[in-house]
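Chemist: Here's a sequence, model it:
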Amino acid sequence: MSSLSRELVFLILQFLDEEKFKETVHKLEQESGFFFNMKHFEDQVQAGEWDEVERYLGGFTKVEDNRYSMKIFFEIRKQKYLEALDRQDRAKAVEILVKDLKVFASFNEELFKEITQLLTLDNFRQNEQLSKYGDTKSARNIMLIELKKLIEANPLFRDKLAFPSFKSSRLRTLINQSLNWQHQLCKNPRPNPDIKTLFMDHSCTPNANGSRPPPTNNPLVGPIPKAGAFPPIGAHGPFQPVVSPSPGAIAGWMSSANPSMPHPAVAAAPPGLVQPSSAAAFLKHPRTPTGVTGMDYQSADSEHLIKRIRTGPADEVSFSGVMLSSNAYSQDDLPKAVVRTLSQGSNVMSMDFHPLQQNILLVGTNVGDISLWELGSRERLVHKPFKVWDIQAASMPLQNALLNDAAISVNRCVWSPDGLMLGVAFSKHIVQIYANNPTGELRQHLEIDAHVGGVNDIAFAHPNKQLCIVTCGDDKVIKVWDAAAGRRQYTFEGHEAPVYSVCPHYKESIQFIFSTAIDGKIKAWLYDCLGSRVDYDAPGLWCTMMAYSADGTRLFSCGTSKEGESHLVEWNESEGAIKRTYSGFRKRSLDVVQFDTTRNRFLAAGDEFQIKFWDMDNTNVLTAVDADGGLPASPRLRFNKEGSLLAVTTTDSGIKILANNDGLRLIRMLESKAMERNRGTSEPINTKPLIVNALGPIGNVSNAVAPTLERADRIQPAVSISSLGNMENSRLVDVKPRIPDDIDKIKSWKISDIADPSQMKALRLPDSTTAGKVVRLMYTNNGLALLALASNAVHKLWKWPRNDRNNASGKASAYVVPQLWQPPNGILMANDVNDNKPAEESTACIALSKNDSYVMSASGGKVSLFNMMTFKVMTTFVSPPPAATFLAFHPQDNNIIAIGMEDSTILIYNVRVDEVKTKLKGHQNRITGLAFSQTLNILVSSGADAQLCVWSIDGWEKKKTRFIQAPTGRQSPLVGETKVQFHNDHTHLLVAHESQIAVYDSKLDCLRFWSPKDALADRISCAIYSCDGLLVYATFCDGAVGVFDADSLRLRCRIAPSAYIPSFSLSGGNPSYPLVVAAHPSEPNQIAVGMTDGSVHVVEPSDAELKWGGTPSQDNGPSNSSNPSPSGQASELPSR
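Modeler: Coordinates of the predicted model:
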């Protein structure tokens, strides 16, 4: 094959990658043998797809080619054989031995015999050479390291491990250049040439009068992408999902989230835009349109063409996958004919067509009910009046809101992208999620008390390939919830006004969320805790919605100012600026204008009692229709996915369905099927019709969501803020809402009190060593082991065994008994002690490295660094006096340690060079707590003086101090051990003292606190956040454990000591109680407590409960919170 043909294969590989033909890409790699995709190979090995692994390898080498190849195949087949033995699948192991491994017998018969003998062992790890074989995953990873070395050393793979470096979308570029060259050679070049095929050369047909068209200023090849080199093989990743054309600057300013990009992604920008080369382009460019378009020509051979462009009349020609020229659409494609009128009975606030079943319309109203309409039969299939599903689980703010004003409205209702769920956001606190089955029946799935005040918008998204629910509300917060269990995963804070709408999307596999607030601010968020990536102003500075075109390549927003001026614009994501502003709106709109997009071509908005349409590429109104009259001043509207139907609200609490020719055919087909059913059935006339899926059978809808489906959850938000009430107030009060009977039964309830061992699962860990109080306790970061430090300076380590029957993961569990582990040498991991002060009287401290490989610890003597595998002391440092009292690793450098001291100072110590970098002074008593926040770049310290200090990590200067406040009736100032821990968001701080647990913000303002009372009246001994940050666990000196809601510090559940401490431990005058509590790093409902009698208990809910308690109760009294809202700020707006 010639070198040019070889290069053409690489261009095709890149094109297939950009078009996401993943299997075809790897098939071509294998068949051509030009490029070995190491990342694909690694993925297949780690997944155990052994047949695919050997098939892929077979395109590059065979077993007998050389010794490297033989070793590669032997290692793969040996691993496959060992895994079969590990599964106790003897028959499969024998098959592998005979078919796959026997070929190596002629080269090393002794080795083959030894492999065969493994069949006789109960566990092949009894073989000395395999004694260190771990689990399957780790064994595959170890083998991969060896395979990569063999492949890189194999001469047959030389020059095949790195993809050639050339610009992204190169094949598209060459096609564009060819088309433009052909167009330049036309005798009568026309503006806006209609390119419909690549199968023959382009030639413009002459104009009717034979004259040349007037000159145009349009650039020729606008969408030529910037260069993007292929990374070296070490960084090569799986082909990424790509949105074409250009991902724009959103992907640019979030590119750091995915540093190892594989084949360059498609980067063909919207016509006339140049791709930004800087990741910060979206943030740094001005917010006003530049009015200048860019060009990027990629071939030096086109100089003559460029000269003609500068002087000639030629227009642009571009190949972008599907060839659709500007005149490929006409006004006939717009749905303008009224084909259905539906009577809802109350004002419609939100609508959404089913993403797959074009005849199903979801409707939400101002009295809180939702309906499903089948358009063919005009029948309402489902009607669900508003009702709180579980009034006893409702929060007190929600109960109070409903008691004060029972009226509630739907602010948004949306389908999930696959149509299997729908979500409803209400004007008070909650969202409800229904599961939808193929017969159209709705089943209650989740009810989430999501926000304080109104929930203004709801959308579905797929971060990390997991279906999630995104909500925003009057409390100025955006939250992301797991759609399966309703667990909160992310909270985004930063808006200074109620958040009006959210728009989740993704580009180049980077997931993000746009949000808009009623102060006109637009922000963008990645799914992390690092804050907003974008902060700029929307036109009109009030209520604005954002939406992408169906193909995900063009971003639009529509909003209305307080003065009634409406703004519909397209954004240039590259510049963070407005690309074009659409004209034609009424001077003073009576309501917030709603809009939608369709067919990647048209925009529609409700204005002046009409529906106005725009071509996306033309700022002037294309046409307007009044739908035979009866529309409100600013009607709400919604296209179906195909753009063939348009639903629009009417003034008489109804909905009109408009259709184009395709929509008319769909409606007629549905009508004929309904008539056939009526003629052919003996069922009563009101039998519900079968839901018709115009796109084919529903079947098993894939959860993989294409970019075009992200738009399915975008509905133009209703005016959901109470301050907007002066706009058509009648729509919110014209119908008296139905109040469910449960409202009358609202009352407070008792907290969940667990007092019997049968109500939960508790396990006392086995321990035969000398008893001493457990003074420090922590899980390893992988959650597989538990480490305790006793008051006698001895560490204990429990490891959980892997068991396919009931503990395949090997994680810590109260259902499986662990082993008290020691290394083969039998030594104890014991701290250095101070001869002048017994260890029992010294303050102990401990810290674990991020990779669980070593632990740093002290018990009044020197600080010791232990190897966790051997228990051997690696080094000691910081000899007393004074003694170390608290230890914390620097978040960015494990060699830097913050050491709290008995003399109230803090040492910043470099272990590697054995040097104290600086000494921090500010406390008046020993240091009892240290917590780093990488987000805020600070260290917070706490001491036995009950004082909090904030230190800058950069220069270690003290920024702020504050003494914790004393509860009512407690003498001030407080003294005693005070501990601190940052929440997962690294901005909120949990403070624990025997008198209270409290949450502080980064400015050391106390947001809320709780002090012992009633059923939990004894002193607090310890407190900690759960791993997901939703709970706070606190232990008490009477042996009880309290489980609190982290947002409000309201008590969810009380675990009595009788539920987990054996009865004999409770007898006598001095019962044991927990000194310390540890939270499992990945199981939010599991904790471990270390006791004064030296025992350790692992505690978690029973199988029947799954989580602790119900929704927080107020029976134990409200939390003493200066601000009850989760964000730390009360809602500025009254309930609507």
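Chemist: For stretch 888-903, the averaged confidence score.
Modeler: Mean pLDDT, computed over stretch 888-903, is 90.
Chemist: Tell me where the stretch 551-700 of the chain is predicted with low confidence.
Modeler: When residues are selected by pLDDT under 70, those of the stretch 551-700 of the chain lie in 574-575, 587, 589-590, 674-700.
Chemist: Run through the helices of it in chain order.
Modeler: 661-680 (DSSP state H, counting those that start in this stretch).
Chemist: Tell me which stretches of it form strands.
Modeler: 555-560, 566-572, 577-582, 595-598, 602-607, 610-615, 621-625, 637-639, 645-649, 654-659 (DSSP state E, counting those that start in this stretch).
Chemist: for the ones you listed, which one sits closest to residue 1045?
Modeler: Distance to residue 1045, taken as C-beta to C-beta, is lowest for strand 555-560 among the strands of the stretch 551-700 of the chain, at 35.7 Å. For glycine as for every other residue, the C-beta is placed from the backbone atoms N, C-alpha and C.
Chemist: by contact count, what packs against that closest one?
Modeler: Applying 3 or more C-beta pairs under 8 Å, 6 or more residues apart in numbering; DSSP states H and E, one finds that strand 555-560 contacts strand 543-548, strand 566-572, strand 595-598.
Chemist: Go ahead and name everything in contact with the shortest one.
Modeler: Here strand 595-598 makes contact (C-beta atoms under 8 Å, 6 or more residues apart in numbering) with 545, 547-550, 556, 558, 568, 603-606, 616, 637-639, 643, 711, 716.
Chemist: Give me the buried subset of the residues you listed.
Modeler: 545, 547-550, 556, 558, 568, 603-606, 616, 637-639, 643, 711, 716 (16 or more other C-beta atoms under 10 Å).
Chemist: Quick check: which ranges of the stretch 401-550 of the chain have low pLDDT?
Modeler: In the stretch 401-550 of the chain, residues with pLDDT under 70: 438-440.
Chemist: quick one, domains of the chain?
Modeler: In terms of domains, the chain is parsed into 36-157, 343-449 (source: the TED database).
Chemist: follow-up on the earlier one: mind putting the helices and strands packed on strand 555-560 in a markdown table, distance to residue 780 included?
Modeler: Below are the helices and strands packed on strand 555-560 laid out as a markdown table (distance: least, C-beta to C-beta, whole Å):
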| stretch | distance to residue 780 |
| --- | --- |
| strand 543-548 | 43 |
| strand 566-572 | 47 |
| strand 595-598 | 50 |
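Chemist: before we move on, the earlier item: select, out of the strands of the stretch 551-700 of the chain, the one closest to residue 812.
Modeler: So among these, strand 555-560 is nearest, using C-beta to C-beta, at 46.1 Å.
Chemist: If I take that closest one and strand 543-548, what angle do their directions form?
Modeler: Here strand 555-560 points in a direction 160 degrees away from that of strand 543-548 (axes from the mean of the first three to the mean of the last three C-alpha atoms, to 10 degrees).
Chemist: Go through stretch 57-68 and flag the buried ones.
Modeler: 57, 59, 60, 61, 63, 68.
Chemist: Does the third one fall in a helix, a strand, or a coil region?
Modeler: Secondary structure for residue 60, judged by DSSP: H, G, I helix; E, B strand; the rest coil, is coil.
Chemist: ok, now which ones touch it?
Modeler: Contacts here follow C-beta under 8 Å, 6+ apart; on that basis residue 60 touches 30, 33, 36, 156, 157, 160.
Chemist: Same question for the last one.
Modeler: Listed by C-beta under 8 Å, 6+ apart, the contact set of residue 68 reads 150, 151, 153, 154, 155, 156.
Chemist: For it, pull up the helix or strand it's in.
Modeler: In the assignment (DSSP states H and E), residue 68 maps to helix 67-86.
Chemist: average pLDDT for that helix?
Modeler: 91.
Chemist: ok, back up a step: filter the contacts of residue 68 down to just the buried residues.
Modeler: Counted by 16+ other C-beta under 10 Å, the contacts of residue 68 give 150, 151, 154 as buried.
Chemist: separation between the last one and residue 162?
Modeler: Yep, that's residue 154 we're talking about. Distance of residue 154 to residue 162, computed by C-beta to C-beta, to the nearest Å: 15 Å.
Chemist: Neighbours of the residue nearest to residue 527 when sequence neighbours are not counted, how many?
Modeler: Excluding the flanking residues, the one nearest residue 527 by C-beta to C-beta, 6 or more residues apart in numbering is residue 463, at 4.4 Å. When neighbours are defined as other C-beta atoms under 10 Å, residue 463 has 20 of them.
Chemist: Ramachandran coordinates for residue 463?
Modeler: Note on residue 463: its backbone torsions stand at phi -70, psi 140 [degrees, to the nearest 10].
Chemist: Over to the one 5 residues further on?
Modeler: Dihedral angles of residue 468 (phi, psi; degrees, to the nearest 10) stand at phi -130, psi 160.
Chemist: Check the one 10 residues further on too.
Modeler: Backbone torsions for residue 478, taken as degrees, to the nearest 10, come to phi -110, psi 140.
Chemist: residue contacts, it?
Modeler: By C-beta under 8 Å, 6+ apart, the neighbours of residue 478 are 470, 471, 472, 491, 492, 495, 499, 502, 513, 515, 525.
Chemist: Beta-bridge partners for the second one, please?
Modeler: Spelled out, it's residue 471. Counting by DSSP bridges, residue 471 is bridged to residue 458, residue 479.
Chemist: now do the fourth one
Modeler: Taking DSSP bridges, one finds residue 479 as the beta-bridge partners of residue 491.
Chemist: need the contact list for it.
Modeler: Taking C-beta under 8 Å, 6+ apart as the test, what residue 491 contacts is 477, 478, 479, 480, 985, 1126.
Chemist: Throw those into JSON lines and include distance to residue 1071, thanks.
Modeler: Formatted as JSON lines, these follow (distance: C-beta to C-beta, whole Å):
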{"residue": "477", "distance to residue 1071": "43"}
{"residue": "478", "distance to residue 1071": "47"}
{"residue": "479", "distance to residue 1071": "42"}
{"residue": "480", "distance to residue 1071": "43"}
{"residue": "985", "distance to residue 1071": "38"}
{"residue": "1126", "distance to residue 1071": "37"}
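Chemist: And the residues you listed, which is closest to residue 1006?
Modeler: Using C-beta to C-beta, those come closest to residue 1006 at residue 1126, 15.3 Å.
Chemist: in terms of contact, does residue 409 touch residue 368 like I think?
Modeler: Yes. Using C-beta atoms under 8 Å, residue 409 makes contact with residue 368 at a distance of 6.1 Å.
Chemist: Which neighbours do these two have in common?
Modeler: Listed as contacting both residue 409 and residue 368 by C-beta under 8 Å, 6+ apart are 426, 427.
Chemist: Please report the distance of the residue most central in space within the chain from residue 470.
Modeler: Among the residues of the chain, residue 463 comes closest to the average C-alpha position under C-alpha atoms, centre = their mean, at 4.0 Å. Using C-beta to C-beta, residue 463 is found at 9 Å from residue 470.
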